[in-house]
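*Asks:* Next comes the sequence, and after it the predicted model I'd like to discuss.
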There are 2 protein chains.
Amino acid sequence: MTIKYDKKEPLYEQLMDTIKVKIKNDYKADDKLPSEREIMRKYSVSRNTVRQALNELEILGLIYRQHGKGTFVANATDNPATLGNEHSFTKQMIALGRKPETKIMEYSVRPANKYFANKLNINEGDRIIKLKRLRSADKVPVMIDRTYLPFSKFEGLSAVELEVKHRSLYAVFAEDFGEEFRIADEALSAGRISDKDADVLQVAQGSPGLMLKRTTFNQQNEIIEFTLSSTRSDQYVYNIRYKNTKI
Amino acid sequence: MTIKYDKKEPLYEQLMDTIKVKIKNDYKADDKLPSEREIMRKYSVSRNTVRQALNELEILGLIYRQHGKGTFVANATDNPATLGNEHSFTKQMIALGRKPETKIMEYSVRPANKYFANKLNINEGDRIIKLKRLRSADKVPVMIDRTYLPFSKFEGLSAVELEVKHRSLYAVFAEDFGEEFRIADEALSAGRISDKDADVLQVAQGSPGLMLKRTTFNQQNEIIEFTLSSTRSDQYVYNIRYKNTKI
DNA sequence: CAGTGGTCTAGACCACGCC
DNA sequence: GCGTGGTCTAGACCACTGC
């Protein structure tokens, strides 16, 4: 693994990726990384570049530093990854060095029953799109998402396109339908994974899971998405970073 | 407002504070800040120092940058969340029309074992304060918090004071010890409530619960708090609102 | 084209932890 | 004392935006 100045990717990003791989394969929690000066010599980059890479890894929660002592591998299961703002499963898994996959299990259009009509603030009987997706990391099933969309806003959305292209749902909303989200409200709780989902997620029946409900609003404050999510608690941790913006 | 190299505070922090004040008093959302090179000349510091200050402000969500255009003031009200979640339990319960209560079950000072020394980024054997609290709503037990603090930073914290006065932990940190939080990282997962906690929370053994880990950093990026929280999933839902600061 | 932020270098000194 | 991460400088070139 070498760092090349081929202009395609910044040096510090290449360095980040290199170190990520090492963290995943060669190191375990609390192992000491080479010092900044060693890394600098090893890859023939300046110390600032090394520090830029390490800063990013620190923000991602993959390493921690101790003044006068060194840089160490963080315990991945304790404090993984990034800020939740993206609510992006994909990004978080990549940050953790795992390979994410999303498989569409169901795609259908149907009339809304009372519950979903209420959730999407439309009339009972109006058409909705249901999208059921299984998310995995390194081939391990992690999460089942059931997403409900008002058909009127996303007519023409095709399952194929979602499957083929590597874009987040939010990217599709914005790029293909001009629906940019303004607010997303999420509610997290713990529960028992349903028997049906437990089979798909390959866990014992009755296992605890992280349950999430999300309602997303567009710029006009209309509801554009309602999602129910069921997650294996041993495979996924939901991270949030609060910042004190007080000046 | 000048930047001095008097060794007390790093230049980039002084610069950060200076810019913060300007953002608060002189600028409004989406105003353009002076360019990095202008700031550099104005305060007689290097561009790297300017960028270090701006990077921090960007992480805090106070500014945003656009390549080729400039640096701008972010919309403060759009920012992720601010307030210490100490409030969230109390506030949320009040909002739901329930009467919240907090009872201190344990208050002790002890040497840190390896796990907590790591979590607080202190040395094994350094003293830590352990605070165990039960939170209830309308006399129904809801949540058990176990909070670990570095004794060196909170020497003199008394359980009595916490019990008597109605202040959040964060208020005590700030008002009595001058420790203002800058970032709080929370990790949420689902799990089974321990048998011991199940008795206190009055649920069946093996019941699922919402588990939370929180690490709080002060303005100097030192860890001031580590908390483990175990919550009855039938009594509490964790709500988050994401706002799109789209630029 | 000029001006902006993004990346990078090769040095330097300081503050901290440990022996 | 020595090695560590933390801060800082004075340059340089690149990539993007807008005129």
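*Replies:* Received it, and whenever you're ready, just let me know what you need.

*Asks:* can you list the domain ranges for chain A.
*Replies:* With domains defined by automatic domain parsing, chain A comprises A:11-73, A:84-232.

*Asks:* just checking, what packs against the helix or strand bottoming out on mean pLDDT in chain A?
*Replies:* The helix or strand of chain A with the lowest confidence, counting by mean pLDDT, DSSP states H and E, is helix A:159-164 at a mean of 70. Judged by 3 or more Cβ pairs under 8 Å, 6 or more residues apart in numbering or on different chains; DSSP states H and E, the packing partners of helix A:159-164 are strand A:100-111, helix A:169-177. The C-beta positions use only the backbone N, C-alpha and C, and glycine is treated the same way.

*Asks:* Report the distance from that helix to the chain centre.
*Replies:* Remark: helix A:159-164 is offset 19 Å from the chain centroid, using Cα atoms, centre = their mean, to the nearest Å.

*Asks:* Using PDB, list the CA coordinates for that helix.
*Replies:* The C-alpha coordinates for helix A:159-164 follow below in PDB (Å, rounded to 0.1, in the frame of the first residue of the first chain):
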ATOM      1  CA  ALA A 159     -37.000   0.000  -8.000                       C
ATOM      2  CA  VAL A 160     -34.500  -0.900 -10.700                       C
ATOM      3  CA  GLU A 161     -32.900   2.500 -10.600                       C
ATOM      4  CA  LEU A 162     -32.500   2.400  -6.900                       C
ATOM      5  CA  GLU A 163     -31.000  -1.000  -7.100                       C
ATOM      6  CA  VAL A 164     -28.500  -0.300  -9.800                       C
END
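
*Asks:* which residues are in contact with that helix?
*Replies:* Here helix A:159-164 makes contact (Cβ atoms under 8 Å, 6 or more residues apart in numbering or on different chains) with A:104, A:107, A:131, A:169, A:172.

*Asks:* at 6 Å instead, please
*Replies:* Contact with helix A:159-164 is made by A:104, A:107, as judged by Cβ atoms under 6 Å, 6 or more residues apart in numbering or on different chains.

*Asks:* buried sites along that helix?
*Replies:* By 16 or more other Cβ atoms under 10 Å in any protein chain shown, the buried positions in helix A:159-164 come out as A:Leu162.

*Asks:* what about the residue lying closest to A:Glu101 once chain neighbours are set aside, which SS state?
*Replies:* The shortest distance from A:Glu101 to any non-neighbouring residue, by Cβ to Cβ, 6 or more residues apart in numbering or on different chains, is to A:Ser136 (4.7 Å). The local conformation at A:Ser136, judged by DSSP: H, G, I helix; E, B strand; the rest coil, is strand.

*Asks:* How about the residues of chain A by DNA strand C?
*Replies:* Contacts of chain A with DNA strand C, taken as Cβ under 7 Å from any atom of the strand, map to A:5, A:10-13, A:44-49, A:52, A:66-69.

*Asks:* What is the nearest of the residues you listed to B:Val140?
*Replies:* When the residues of chain A next to DNA strand C are ranked by distance to B:Val140 (Cβ to Cβ), A:Gln66 comes first, at 42.8 Å.

*Asks:* neighbours around that closest one, how many?
*Replies:* Residues within reach of A:Gln66, counting by other Cβ atoms under 10 Å in any protein chain shown, total 11.

*Asks:* which ones are touching the residue positioned nearest the centre of chain A?
*Replies:* Nearest to the mean C-alpha position of chain A, by Cα atoms, centre = their mean, lies A:Phe89 at 1.9 Å. Neighbouring residues of A:Phe89 by Cβ under 6 Å, 6+ apart: A:Arg135.

*Asks:* Okay, it and A:Pro208: tell me how far apart.
*Replies:* Note on A:Phe89: its distance to A:Pro208, by Cβ to Cβ, to the nearest Å, is 19 Å.

*Asks:* same thing with A:Ala174?
*Replies:* Distance of A:Ala174 to A:Pro208, given as Cβ to Cβ: 34 Å.

*Asks:* When those two are compared, which one has more neighbours?
*Replies:* Neighbours per residue, other Cβ under 10 Å: of A:Ala174 and A:Pro208, the larger number sits with A:Pro208, 25 against 17.

*Asks:* quick one: that one and A:Ser233 touch, right?
*Replies:* Yes. Using Cβ atoms under 6 Å, A:Pro208 is in contact with A:Ser233, at 5.3 Å.
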